[in-house]
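Student: next one to model:
(chains A and B)
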Protein chains: 2
Amino acid sequence: MKDAVRAGFERTPLIEGEEIISRLGWRYAVKGFDPDRRVSERDWKLLEQAAILAPSSYGLQPFRIIVISDRDMKERLAPACYNQPQVRDCSHLVFFAARKEFTEQHIKEFLELTMEVRGTPAEDLSGLAEALENTRANLEKNGLTKAWAQRQTYISLGFLLETAALLGVDACPMEGFVPEQVDKILGLEEYTATVMCALGYRTGSDWLAPLKKVRFPADTIVTRI
Amino acid sequence: MKDAVRAGFERTPLIEGEEIISRLGWRYAVKGFDPDRRVSERDWKLLEQAAILAPSSYGLQPFRIIVISDRDMKERLAPACYNQPQVRDCSHLVFFAARKEFTEQHIKEFLELTMEVRGTPAEDLSGLAEALENTRANLEKNGLTKAWAQRQTYISLGFLLETAALLGVDACPMEGFVPEQVDKILGLEEYTATVMCALGYRTGSDWLAPLKKVRFPADTIVTRI
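Tutor: Numbering: from 1, shown residues only, chains lettered A, B, ... in the order given. You can find the predicted model right below:
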C-alpha cells in the first residue's frame, strides 16, 4: 500500500532541466517594453494562477496582488514610480501589497477555508489554530507583521517571474517606487505596496537585451557542507 | 534590423502553461521525506543554478546559499530548527542567509564583475555606481540593509521551489528556526540565516500529501484595474 501511494505521488521531470536553466538565462529585467503588445488572456490567467500557487508562511497569503492593465491608471502611477518607462509601456503592471496588520479575523477566515476545502473538522485544527495565534501575537507584539508579510510576497514574485520566463513573457521586477504614493493612488489601507513587476514583451531596441547576465561565481554564493 | 533582432529575442512557451500550473498544484510543503532517497547530482546542480539565476535588487545578490547534505551537520542543526523531521530526513537542506551590512566593497566587486562579464568600460558605469552608492547609503543610514537583503532571498527561494516542482523534486520551505543558533552553527558572521528549504522526496505515508491545497479564492487575492 505504501509503495502504491508513493508511486502515485511521484513525478518525472516535466521538461529537461537544462531547458529551464536556459530560459532563466534568457530572462532579464526588461527596460524597453513594446507598448503595442499585450499578454494574452490565457497567458495572463496562468501567470496569476502561478503567483497564487506560491507558498507562504502557513499558507496564509498575507498579501494582495493588484494587476493594472488600464492605461489611465498606469499614467497616474508613473510619477510615483520615478517615471520609469516600463510602467507605461508594459502590458500588465503588478503590485504585490503586503498586509500591515495580522488580525484574528485573518486566522478565522483561513481556518474556515481549510475546513471547507479539506473537510477537516474544527477540532482537528485546534493545534494549528494555537500555532497561528502564537505566531500572530509574536509578530504583532514585536511590530514585525509588515516585514513578515512583505517577505512572503517575494516568493509569489519569484513564481510569477519564473512562470513568465517559461511562457516566453518578459518581465521587470522593480522596487523603485514611493509606497505611500502608490498606496494612496490604489486606495490601499490595510495593505502596502511592496514590490512591483511589469510584464509584456521586450523591444528589439532595448540596449540591455543583448548584454550578458551578471552573476557572482557560484562558489562565492553557494557553500556546500 | 529591429525586427530581426526582436525575433531573435522571442521565445515561444517552453511547455504548456497548464502543465506548469498542474505541477505547482502537485507541490506542497512536505513534512515526511524519505530519508533513503537523494536528489541526483545532476538535478542538484540545476536547482542551484535556478536559485542563482533569480533576480535581485540591482543584481547584487546580497546573500549566500548554504547547502547541507552532511548527516552530522543536519543532526547538529535539528535542535535549532525545533527538531522538525524534515531537517534530518531530507536529501539537501538549504539556508538562504542575507547580508547584514551593505559595504562599499560589495559595490566595488559588483562593478568589477560587470566590467569583466560585459566588457563595459568603467566610465560607462559611473551612473550605476552613483545609484548603487545612494541606495547603499540610504539602506545603511536607515538600518534597512538586512530587511532589504532578506527580501531578495525569497525570490531565489521561489525559483528554487518552482524549479524543484518542475523537476519532480519535493521541497518544504521553512521559517521555523532560531537564526542566532543557526548562524553560530554555520559560522555565519556577515550573513544571517533568513529562510530554509528542505528538498528530497516525499514518502507515501505523509498525511499531508493527499490533502487539497488551501488557497483563498482568486478574487479575494487579486484586484484587476
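Student: residues contacting the residue in chain A positioned nearest to chain B?
Tutor: Residue of chain A nearest chain B, by Cβ to the nearest Cβ: A:Gly158 (1.8 Å). In this view, the C-beta of every residue, glycine as well, is placed from N, C-alpha and C. Going by Cβ atoms under 8 Å, 6 or more residues apart in numbering or on different chains, A:Gly158 touches A:54, B:54, B:154-159, B:161-162.
Student: how near is it to A:Lys108?
Tutor: Separation of A:Gly158 from A:Lys108 (Cβ to Cβ, to the nearest Å): 29 Å.
Student: and A:Leu186, by the same measure?
Tutor: 26 Å.
Student: more neighbours, these two?
Tutor: When neighbours are counted by other Cβ atoms under 10 Å in any protein chain shown, A:Leu186 and A:Lys108 differ, and A:Leu186 comes out ahead with 21 against 12.
Student: name the element the residue lying closest to the more buried one once chain neighbours are set aside belongs to?
Tutor: Spatial nearest neighbour of A:Leu186, chain neighbours left out: A:Ile66 (5.8 Å); criterion: Cβ to Cβ, 6 or more residues apart in numbering or on different chains. In this structure, A:Ile66 sits in strand A:63-68 according to DSSP states H and E.
Student: in chain A, which spans are strands?
Tutor: For chain A, the strands defined by DSSP state E occupy A:63-68, A:92-99, A:170-174, A:191-200, A:222-224.
Student: dump these into JSON lines; add mean neighbour count and mean pLDDT as well.
Tutor: Converted to JSON lines, the strands of chain A look like this (neighbours: other Cβ atoms under 10 Å in any protein chain shown; pLDDT from 0 to 100):
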{"stretch": "strand A:63-68", "mean neighbour count": "22", "mean pLDDT": "98"}
{"stretch": "strand A:92-99", "mean neighbour count": "25", "mean pLDDT": "98"}
{"stretch": "strand A:170-174", "mean neighbour count": "25", "mean pLDDT": "97"}
{"stretch": "strand A:191-200", "mean neighbour count": "25", "mean pLDDT": "98"}
{"stretch": "strand A:222-224", "mean neighbour count": "16", "mean pLDDT": "96"}
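Student: ok now do the closest residue to A:Ala78 other than its chain neighbours, which residues does it touch?
Tutor: Counting by Cβ to Cβ, 6+ apart, A:Ala78 lies nearest to A:Val87, which is 4.8 Å off, once chain neighbours are set aside. With contact taken as Cβ under 8 Å, 6+ apart, A:Val87 is in contact with A:74, A:77-78, A:81, A:93, A:198.
Student: and if we set it to 10 Å?
Tutor: A:33, A:68, A:74-75, A:77-81, A:93, A:172, A:174, A:176-177, A:196, A:198 (Cβ atoms under 10 Å, 6 or more residues apart in numbering or on different chains).
Student: kindly report the same for A:Ala78.
Tutor: Residues in contact with A:Ala78 (Cβ under 10 Å, 6+ apart) are A:84-88, A:93, A:177.
Student: go on, A:Lys108?
Tutor: A:129, A:132.
Student: in chain A, which helix has the most residues?
Tutor: Taking DSSP state H as the criterion, chain A has its longest helix at helix A:145-167.
Student: for that one, give the mean pLDDT please.
Tutor: Helix A:145-167 carries an average pLDDT of 97.
Student: return that helix as CSV; C-alpha atoms alone will do.
Tutor: Presented in CSV, the C-alpha positions along helix A:145-167 are these (Å, rounded to 0.1, in the frame of the first residue of the first chain):
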residue,chain,number,x,y,z
THR,A,145,3.9,41.8,10.7
LYS,A,146,4.7,44.0,7.8
ALA,A,147,8.2,42.7,7.3
TRP,A,148,7.0,39.1,7.5
ALA,A,149,4.2,39.7,5.1
GLN,A,150,6.5,41.6,2.7
ARG,A,151,8.9,38.7,2.5
GLN,A,152,6.1,36.3,1.5
THR,A,153,5.2,38.5,-1.5
TYR,A,154,8.7,37.9,-2.9
ILE,A,155,8.1,34.1,-3.2
SER,A,156,5.0,34.9,-5.2
LEU,A,157,7.0,37.3,-7.3
GLY,A,158,9.5,34.5,-7.9
PHE,A,159,6.8,32.2,-9.2
LEU,A,160,5.4,34.9,-11.4
LEU,A,161,8.8,35.6,-12.9
GLU,A,162,9.9,32.0,-13.5
THR,A,163,6.5,31.1,-15.0
ALA,A,164,6.6,34.2,-17.2
ALA,A,165,10.1,33.1,-18.5
LEU,A,166,8.8,29.6,-19.2
LEU,A,167,5.9,31.1,-21.2
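Student: surely the residue nearest to A:Leu186 and A:Thr153 touch.
Tutor: No: look at A:Ile66 against A:Thr153 with Cβ atoms under 10 Å: they stay out of range, at 11.3 Å.
Student: common neighbours of the two, please.
Tutor: Shared contacts of A:Ile66 and A:Thr153 (Cβ under 10 Å, 6+ apart): A:95-97, A:191, A:193.
Student: can I get those residues in a markdown table with distance to chain B?
Tutor: Converted to a markdown table, the shared contacts of A:Ile66 and A:Thr153 look like this (distance: Cβ to the nearest Cβ, whole Å):
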| residue | distance to chain B |
| --- | --- |
| A:Phe95 | 9 |
| A:Phe96 | 10 |
| A:Ala97 | 9 |
| A:Tyr191 | 10 |
| A:Ala193 | 12 |
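Student: just give me the closest of those to B:Tyr28.
Tutor: When the shared contacts of A:Ile66 and A:Thr153 are ranked by distance to B:Tyr28 (Cβ to Cβ), A:Phe96 comes first, at 22.0 Å.
Student: if I pick that closest one, what's in contact with it?
Tutor: Neighbouring residues of A:Phe96 by Cβ under 10 Å, 6+ apart: A:51, A:63-66, A:149-150, A:152-157, A:160, A:173, A:191, A:193-197.
Student: cool, and A:Ala97?
Tutor: A:63-66, A:149-150, A:153, A:179, A:182-183, A:186, A:188, A:190-196, B:223.
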